[in-house]
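**Student:** Coordinates for the following, if possible.
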Amino acid sequence: MDAVDTLTPQKLAAALQEPNTLLEGRCLRRLGQERCQALLTDTLTLEAHGGMLIKDGTRRRTPGGTFFQLVRDRCTSKERHFIFAPLPATQAVTPSKTPNISQATDTAPVDLTLDLWEGLRPMPVTATLKLILRDMPETRERDGMVYMALHNEPKGLPKGISLDSGPLYLTSPVKQWKTACTKAEQIRASGTPALLIVEAHVSTKEGALVGVVKGIQVTEGKAAVQPQA
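**Tutor:** Predicted coordinates:
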């Protein structure tokens, strides 16, 4: 590879339309010129043919997102840990020495992947999930149970953490669900919004969250503010 063709973090960031060079620099240091050039070529090829979707298929990845997904797919766990590990606080330095580090940690959120937990021994826990339904979802009834399909959009995450949205499937006993719906209808009849606070036992199945409703609390929500004339 000629010197003029040598990839630098800046050139890689420009090609990927990324605002910072921290992760690009880590990729080049760990993977080398040839592997990064191959990954960049494959990224640009994918972009030319419609790009790569995120896991749930709801939107297209950015060029940088596609590149880093290819990096994750083609690296060893040690390489991924080096590239995507958060910058430890002990490595923080003054802005005059590395002015782009604070920017990079703000604009390059950590993408949670399973390899970050590799080597840890699982501990038995009971997992529950609490969610709020402001509208009534479409449901299907079968064998004394009610089924509904929801979509989880993670909000309120810690700064610098990225978490993909994903499907959430809930099932509830018919009596429990209809009792909650009746209470919600009574509240709405008075002109007040109704909120269903649902607590469910959850597990995972084929990349989705699956939950069995444990309890439903129906409460009054806040009425919408009427625009002034």
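**Student:** tell me the contacts of Q69?
**Tutor:** M52, R61 (CB atoms under 8 Å, 6 or more residues apart in numbering). Heads up, the C-betas are built off the backbone N, CA and C, glycines and all.
**Student:** Domains in this protein, by residue range?
**Tutor:** For the chain, the structural domains run 3-117, 128-220, going by automatic domain parsing.
**Student:** looking at these, which has the lowest confidence?
**Tutor:** For these, the bottom mean pLDDT is recorded on domain 3-117, which sits at a mean of 76.
**Student:** starting at the chain centroid, how far to it?
**Tutor:** Its chain's C-alpha centre lies 17 Å from the corresponding centre of domain 3-117 when counted by CA atoms, centre = their mean, to the nearest Å.
**Student:** For the lengthiest helix in the chain, name the packing helices and strands.
**Tutor:** The helix spanning the most residues in the chain, taking DSSP state H as the definition, is helix 22-48. When contacts are defined as 3 or more CB pairs under 8 Å, 6 or more residues apart in numbering; DSSP states H and E, helix 22-48 sits against helix 9-16, helix 63-74, helix 77-84, helix 101-107.
**Student:** how about a cut-off of 6 Å?
**Tutor:** In terms of contacts (3 or more CB pairs under 6 Å, 6 or more residues apart in numbering; DSSP states H and E), helix 22-48 is packed against helix 9-16, helix 63-74, helix 77-84.
**Student:** Now tabulate those helices in JSON lines and tack on distance to H151.
**Tutor:** Shown next, in JSON lines, are those (distance: least, CB to CB, whole Å):
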{"stretch": "helix 9-16", "distance to H151": "28"}
{"stretch": "helix 63-74", "distance to H151": "20"}
{"stretch": "helix 77-84", "distance to H151": "26"}
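**Student:** Pick the most buried one from the ones you listed.
**Tutor:** With neighbours taken as mean count of other CB atoms under 10 Å, these reach their highest mean count in helix 63-74, at a mean of 19.
**Student:** now the angle between helix 9-16 and that helix, please.
**Tutor:** Our comparison of helix 63-74 with helix 9-16, counting by axes from the mean of the first three to the mean of the last three CA atoms, to 10 degrees, yields an angle of 110 degrees.
**Student:** got the angle for the longest helix of the chain vs helix 77-84?
**Tutor:** If you take the same axes, to 10 degrees, helix 22-48 sits at 100 degrees to helix 77-84.
**Student:** Could you pull out the buried residues of helix 22-48?
**Tutor:** 22-28, 30-31, 35-37, 39-40, 43, 46-47 (16 or more other CB atoms under 10 Å).
**Student:** what does stretch 179-189 give?
**Tutor:** Burial within stretch 179-189, assessed by neighbour count using 16+ other CB under 10 Å, is assigned to A180, C181, K183, A184, I187.
**Student:** and if you look at stretch 172-179?
**Tutor:** In terms of neighbour count (16+ other CB under 10 Å), stretch 172-179 has its buried residues at S172, W177.
**Student:** try stretch 124-138
**Tutor:** By neighbour count, and taking 16+ other CB under 10 Å as the criterion, the buried residues in stretch 124-138 are L129, L133.
**Student:** just stretch 53-65 next, same as before
**Tutor:** By neighbour count on 16+ other CB under 10 Å, the buried set for stretch 53-65 is I54, R61, T62, P63, G64, G65.
**Student:** ok, now which ones touch the fifth one?
**Tutor:** Read it as G64. L16, E18 (CB atoms under 6 Å, 6 or more residues apart in numbering).
**Student:** So that it lines up with my notes, have the first residue be 47 from now on.
**Tutor:** Right, with 47 as the first residue, what we last looked at is G110.
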